[in-house]
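1. here is my input; please provide its structure:
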Amino acid sequence: MSETSDTPVVLTEQIDGVQIVTINRPESRNAVNSATAEAIAAAMDELDNRSDLVAGIITGAGKGFCAGMDLKAFLAGERPSVPGRGFAGIVERPPDKPLIAAVEGHAIAGGFEIVLACDLIVASEEAVFGLPEVKRGLVAAGGGLLRLHERVPYHLAVEWALTGELIPARSAHEAHLINRLTAAGQARDTALELARTVACNGPLAVRATKEIIRASGDWPSDEAFGRQQKISEPVRSSADAREGALAFKEKRAPRWQGK
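-> Residues are numbered from 1 along each chain as shown. Next comes the predicted model:
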């Protein structure tokens with residue numbers, strides 16, 4: 001079905017503490033225009049602000065994940081970027097809570113940069129990744145060049161970025177870029193299974209754990225434990241920490257309150 005003004009460009013649903021965000025422009029290969037960027041940013045804000053949501057998934061409708069920026073919209077004067085969050089409402093400031101990319105089909109250019117802004121990646125065997133900007137005389141400035149060399153070996157990242165060649169899912173999995181490789185059509189379900197596992201844990205602990213992992217890369221070694229303590233101590237002193245210990249003692253599932 002063709003996109004109309006009544007068709008939401010982004011769909012959201014909540015399942016078991018997981019926010020599922022679907023880019024819903026399959027007729028445009030889920031390319032990102034301004035409306036899409038704003039809707040994704042709003043979904044990320046909702047994920048961060050709702051205490052009942054612990055983790056998120058971002059995926060694409062139809063046969064592909066995302067083809068990057070909508071060039072037709074760009075030529076019409078649109079800039080699919082949101083102040084504070086960047087391109088697609090996500091690449092400069094991803095959510096504070098864990099986010100999983102569920103990839104079917106192509107995730108190229110800005111689409112791959114959305115994937116790289118996520119914490120975990122689930123992809124089908126038919127998924128394809130790439131930063132082809134150099135083939136068009138452009139630079140992948142949506143975070144791809146900043147993040148790729150942190151996710152795969154340096155020389156491999158440089159090869160992928162400088163050649164602009166497409167990367168099959170199996171090659172990305174062999175490079176440990178992908179957490180789960182699935183059969184075609186199974187990426188979303190597998191991502192939801194993974195997200196549910198995350199969402200079963202203490203929400204304060206999950207958020208703090210992501211913050212420490214993401215922030216600690218450039219911490220001076222003599223300050224690392226002190227900086228970590230500032231993030232971890234409020235969690236250690238929380239009602240949820242006591243509940244986790246009590247649930248373990250009583251051999252039952254914890255009842256998290258997020259405080």
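
2. now residue 108: phi and psi?
-> Dihedral angles of residue 108 (phi, psi; degrees, to the nearest 10) stand at phi -120, psi 160.

3. for residue 91, see how far away the residue nearest to it when sequence neighbours are not counted is.
-> Nearest non-adjacent residue to residue 108, counting by C-beta to C-beta, 6 or more residues apart in numbering: residue 130, 4.6 Å away. All C-beta spots, glycine's among them, are computed from the backbone N, C-alpha and C. In this view, residue 130 and residue 91 are 16 Å apart by C-beta to C-beta, to the nearest Å.

4. ok, residue 48 next?
-> Counting by C-beta to C-beta, the gap from residue 48 to residue 91 is 16 Å.

5. these two: which is more packed in?
-> With neighbours defined as other C-beta atoms under 10 Å, residue 48 and residue 91 compare such that residue 91 has more, 24 against 16.

6. the more buried one contacts residue 145, correct?
-> No: Residue 91 is beyond contact range of residue 145, at 11.4 Å (criterion: C-beta atoms under 8 Å).

7. ok, back up a step: how many residues are close by the residue nearest to residue 108?
-> Neighbour tally, residue 130, other C-beta under 10 Å: 24.

8. same check on residue 214?
-> Neighbour count of residue 214, defined by other C-beta under 10 Å: 11.

9. which residues in the stretch 151-259 of the chain form strands?
-> Here the stretch 151-259 of the chain has its strands, by DSSP state E, counting those that start in this stretch, at 167-168, 180-182.

10. helices or strands up against the longest one?
-> So the one you mean is strand 180-182. On a contact count with 3 or more C-beta pairs under 8 Å, 6 or more residues apart in numbering; DSSP states H and E, strand 180-182 meets strand 120-124, helix 169-174, helix 187-199.

11. one more time with 10 Å
-> strand 99-103, strand 120-124, helix 169-174, helix 187-199 (3 or more C-beta pairs under 10 Å, 6 or more residues apart in numbering; DSSP states H and E).

12. winner for burial among those?
-> The highest average neighbour count among the helices and strands packed on strand 180-182, using mean count of other C-beta atoms under 10 Å, belongs to strand 99-103 at a mean of 29.

13. check which strands are paired with that one and give the direction for each one.
-> strand 55-60 (parallel), strand 120-124 (parallel) (DSSP bridges).

14. mean confidence score for that strand?
-> Strand 99-103 carries an average pLDDT of 98.

15. give me the angle between that strand and helix 187-199.
-> 160 degrees (axes from the mean of the first three to the mean of the last three C-alpha atoms, to 10 degrees).

16. dump the C-alpha coordinates for strand 99-103 into CSV.
-> What follows is strand 99-103 as a C-alpha-only set of coordinates in CSV (Å, rounded to 0.1, in the frame of the first residue of the first chain):
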residue,chain,number,x,y,z
LEU,A,99,18.1,-0.4,22.1
ILE,A,100,18.2,-3.4,19.8
ALA,A,101,18.3,-3.1,16.0
ALA,A,102,16.2,-5.8,14.3
VAL,A,103,17.4,-5.9,10.6
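
17. fine, thanks again, bye for now.
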